[in-house]
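[1] sharing a sequence plus its predicted fold:
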Amino acid sequence: MQAYHVHAFEGIAEVIRRPPAFGCRQPFLPGACMMDLAHTGVVNMVLKKKEGIHVRVEDIRILSGSAS
């Protein structure tokens, strides 16, 4: 079940396991997610800036526990 559909997230990424790779589906946790659930999305922009890695992720899906 998908609780909602978000077009995209964009912002500065904090690398935990592996850096974002263009064109790959990658798990992430949005900084302001009120449900505190992991998301997954396709990385379609990666820019290295002085502030950090600027990323845009589209085709967002929420990763939840097993379905009942």
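    Great, that's in hand.

[2] pLDDT value on Val55, please?
    Predicted confidence (pLDDT) for Val55: 96.

[3] what's the distance between the most centrally placed residue in the chain and Met35?
    Ranked by distance to the mean C-alpha position of the chain (Cα atoms, centre = their mean), the top residue is Phe28 at 4.0 Å. The spacing between Phe28 and Met35, counted by Cβ to Cβ, to the nearest Å, is 14 Å. Yep, even glycine has a C-beta here, placed from its N, CA and C like the rest.

[4] likewise Gly11?
    Distance from Gly11 to Met35, counting by Cβ to Cβ: 18 Å.

[5] now Val43
    Distance of Val43 to Met35, given as Cβ to Cβ: 21 Å.

[6] just list whatever residues bridge to Val42.
    On DSSP bridges, the residues paired with Val42 through beta bridges are Arg25, Glu58.

[7] low-confidence stretches in this protein?
    Judged by pLDDT under 70, the chain has its weakly predicted residues at 1-6, 65-68.

[8] what ranges does it have for its strands?
    If you assign secondary structure with DSSP state E, the strands in the chain sit at 8-13, 25-28, 39-49, 52-62.

[9] just checking, what packs against the second one?
    Read it as strand 25-28. Applying 3 or more Cβ pairs under 8 Å, 6 or more residues apart in numbering; DSSP states H and E, one finds that strand 25-28 contacts strand 39-49, strand 52-62.

[10] if you set the cut-off to 10 Å instead, what comes out?
    In this structure, strand 25-28 packs against strand 8-13, strand 39-49, strand 52-62, with contacts taken as 3 or more Cβ pairs under 10 Å, 6 or more residues apart in numbering; DSSP states H and E.

[11] with the last one instead?
    Based on contacts counted as 3+ Cβ pairs under 10 Å, 6+ apart, the elements that strand 52-62 packs against are strand 8-13, strand 25-28, strand 39-49.
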